[in-house]
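In: Provide a 3D model corresponding to the input given below.
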Amino acid sequence: MSAEQAAALVARIRQDMLDAMKQRQRTKAEALKSLLARISNAEAVAPGDRRVMDGVVAGAAPGVGSTDVPRRVLTSADLHAVIYDEVQEIATALAQVDGNTDYAVQLRATIVLIQKYL
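Out: Numbers count the residues shown, from 1 in each chain. Okay, the predicted model is just below:
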């Protein structure tokens, strides 16, 4: 999967989330929103060194937009790792929940939903 295909997958997840919201499928919308947040966090760039400048608040950069940096472009391997991590986190939560409670059923459905993007 190329970077373009990875971007297309993220766009598909976003569209699926919007469709779920329109159809009032709360559980599906929340699961996809959580997955998109995890992807967005993975795209974030680590903060760099901050220099103290004379006349500026310590650690601040002067000028509007001076601290903006482009986000990371996730490779297909990065994207799959993020999705896999989300599934593993939900599976861990499921292991700590009793059998057939509503919450356990919801977690199982969320795992099935997210795994289709792998």
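In: Okay, and the most centrally placed residue in the chain sits in which element?
Out: Nearest to the mean C-alpha position of the chain, counting by Cα atoms, centre = their mean, stands Arg38 at 2.1 Å. Using DSSP states H and E, Arg38 sits within helix 26-43.
In: Report all helices and strands that that helix contacts.
Out: Under the contact criterion of 3 or more Cβ pairs under 8 Å, 6 or more residues apart in numbering; DSSP states H and E, helix 26-43 touches helix 3-22, helix 76-95, helix 102-115. C-beta: built from backbone N, CA, C; applies to glycine.
In: And those helices: which comes nearest Ala42?
Out: With distances scored as Cβ to Cβ, the stretch of those nearest to Ala42 is helix 76-95 (4.9 Å).
In: Name the residues of the closest one that come out as buried.
Out: For helix 76-95, the buried set under the neighbour-count rule, 16 or more other Cβ atoms under 10 Å, comprises 78-80, 82-83, 86-87, 90, 94.
In: Give me the mean pLDDT for that helix.
Out: On average, the pLDDT along helix 76-95 is 95.
In: Quick one: distance of that helix to the chain centre.
Out: Helix 76-95 has its C-alpha centroid displaced from the chain centroid by 10 Å (Cα atoms, centre = their mean, to the nearest Å).
In: can you start the count at 23 instead of 1 from here on
Out: From this message on, residue numbering opens at 23, which makes the last subject helix 98-117.
In: Remind me what it packs against, helices and strands.
Out: The contact analysis (3+ Cβ pairs under 8 Å, 6+ apart) places helix 98-117 against helix 25-44, helix 48-65, helix 124-137.
In: The last one to helix 48-65, inter-axis angle?
Out: Using axes from the mean of the first three to the mean of the last three Cα atoms, to 10 degrees, the interaxial angle of helix 124-137 with respect to helix 48-65 works out to 50 degrees.
In: Fine by me, thanks again.
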